[in-house]
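**Student:** Below are the sequence and a predicted model for it; my questions follow.
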Amino acid sequence: MRRIWLYAGSTAILSLGILHAFAQSGSVEKAVGGYNFAEAAKEDPATKNFHSADGHLTFAIVTHTAGNGFFDPVYVGATVAANMIGAKILLLGSESPVDDPAREIEILNQIVQDPTIDGIIMTTPQVGAYNDIVKAAEAAGIPIATTNSYDPTLLHRSSISHTGQDASAAAIGGEALANCVLKSGKTSGSIVLPSSTAMGNIEVNNRVKAAFDAIVKTLKDAGKLDAFKVDAGPENVGIDTNPNDPVNALVSLFESRGDVVGAFTANNVFTPPLVKAVAQMGLTNKFCAFGFDLGPAQQEGIAAGNLTGSLGQQPFLQGFWPVMQLYLQIDRGISAANLDTRAQLVTKDTVAKVGKRFEN
């Protein structure tokens, strides 16, 4: 708002150090169309009786792994948003500590049949697996918002909002890893990107590819690409690594190569095991290890020197915004307002600042 101050006898007034406001302009009290802003800001009287018609909104958020702690701040964010709009929120997800899209879909098939549900938030890590859910929800008149992992082929994708980190953000970690190796004084060696495509998470595959490309570019720009071997598997989406025994799998990978100077892991399945593998091999503070997510294991690993850095997704937003998006869609007709939660690179210098108020 612009304020205009008018003065009378300015010399005398200013000499006393006193400013008097005689008029203020620029205030807007009603719309050009004539309606009152205060009235327009009120919730639609029909909103609370949307779909379930029980006097309140009920949203369900369903994730593909509630067992490893990553989605805890997502659930917190969803709860905060629900409290702000007076809605109920059901916090659901696979109990598994690793990606479990099959269990998530099982839960979604139950939720979409629940007559008390007014909106569904779901992760979509397995490409092409959620179209039947979308069809069932649309048939029932239930709006959907997706969060975290992104399925570009999702039915009616362009009309469904998505909140999450674009996979290209992994390039930040790849660049940091390459710079770490260059600063370490190592003149040669392997930089590996272990993962598991068997889990079917296209988002993770894309992260690995983005990190791989960034590592290669950074080394090339430094004129050092020929001195190092960067290996992300035959399609640059990860060296196939056993997710059911990740610590031993990583140790075996490092030992078999014999010259590994750096590693990047692209999700919560492999990053905590990377921390343990580095410690087990006696490489604390001697190895460039970068990963994903900022759960307790990652934070402890960074503080101890077994993980050089990790990329956060600001998951609080991945719970908060989808709830707000569903509310806006129901109350205001606003849909497909996507939010990129970007990347937060955390190292030993900044790890103490992470996790405040459950927002890591």
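**Tutor:** Yep, it's here. Predicted model, so just to flag it, every value in this text is computed and none were measured. Residues are numbered from 1 along each chain as shown.

**Student:** The residue lying closest to Ala343 once chain neighbours are set aside: how many residues sit nearby?
**Tutor:** Nearest residue to Ala343 in three dimensions, chain neighbours excluded: Ala169, at 3.5 Å (CB to CB, 6 or more residues apart in numbering). Where C-beta positions appear, they are placed from N, C-alpha and C, glycine not excepted. Using other CB atoms under 10 Å, Ala169 is surrounded by 22 other residues.

**Student:** same check, this time on Ser256
**Tutor:** For Ser256, the count of nearby residues is 8 (other CB under 10 Å).

**Student:** Just the pLDDT at it, thanks.
**Tutor:** Per-residue pLDDT puts Ser256 at 97.

**Student:** ok, it to Ile239 distance?
**Tutor:** According to CB to CB, to the nearest Å, Ser256 and Ile239 sit 11 Å apart.

**Student:** ditto for Pro246
**Tutor:** Distance, Pro246 to Ile239, by CB to CB: 12 Å.

**Student:** Can you pick out the residue with more neighbours from those two?
**Tutor:** Taking other CB under 10 Å, Pro246 and Ile239 do not tie; Pro246 has more neighbours (22 against 19).

**Student:** Surely the residue nearest to Ala343 and Leu311 touch.
**Tutor:** Yes. Proximity of Ala169 to Leu311 meets the contact threshold set by CB atoms under 8 Å, at 6.7 Å.

**Student:** Find the residues that touch each one of the two.
**Tutor:** Counting by CB atoms under 8 Å, 6 or more residues apart in numbering, the shared contacts of Ala169 and Leu311 are Ala343.

**Student:** now the helices for the stretch 151-300 of the chain?
**Tutor:** In the stretch 151-300 of the chain, the helices defined using DSSP state H, counting those that start in this stretch lie at 170-183, 202-221, 246-257, 271-280, 296-304.

**Student:** ugh, wrong one, I meant the stretch 1-150 of the chain
**Tutor:** Using DSSP H, counting those that start in this stretch, the helices of the stretch 1-150 of the chain run over 10-15, 37-40, 72-85, 101-111, 131-140.

**Student:** ok, and which of those helices has the densest surroundings?
**Tutor:** The highest mean neighbour count among these, using mean count of other CB atoms under 10 Å, belongs to helix 72-85: a mean of 21.

**Student:** Give me the helices and strands touching that helix, please.
**Tutor:** Helices and strands touching helix 72-85, by 3 or more CB pairs under 8 Å, 6 or more residues apart in numbering; DSSP states H and E, are strand 58-63, strand 88-93, helix 315-332.

**Student:** Check which residues of the second one are buried.
**Tutor:** To tie it back to what came earlier, the one meant is strand 88-93. Going by neighbour count (16 or more other CB atoms under 10 Å), the buried part of strand 88-93 is 89-93.

**Student:** Adding distance to Val192, write these out as JSON lines.
**Tutor:** Formatted as JSON lines, the buried residues of strand 88-93 follow (distance: CB to CB, whole Å):
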{"residue": "Ile89", "distance to Val192": "40"}
{"residue": "Leu90", "distance to Val192": "40"}
{"residue": "Leu91", "distance to Val192": "36"}
{"residue": "Leu92", "distance to Val192": "36"}
{"residue": "Gly93", "distance to Val192": "30"}
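
**Student:** State the distance from the residue nearest to Ile133 when sequence neighbours are not counted to Gly333.
**Tutor:** Once flanking residues are discounted, Ile133 sits nearest to Leu108: 4.9 Å by CB to CB, 6+ apart. Going from Leu108 to Gly333 by CB to CB gives 25 Å.

**Student:** go on, Leu274?
**Tutor:** Leu274 sits 45 Å away from Gly333, going by CB to CB.

**Student:** now Glu175
**Tutor:** Taking CB to CB, one finds Glu175 at 41 Å from Gly333.

**Student:** the more surrounded of these two?
**Tutor:** Glu175 (19 against 8).

**Student:** Quick test: name the residue nearest the centre of the protein.
**Tutor:** Taking CA atoms, centre = their mean, the centroid of the chain lies closest to Gln313, which sits 3.4 Å from it.
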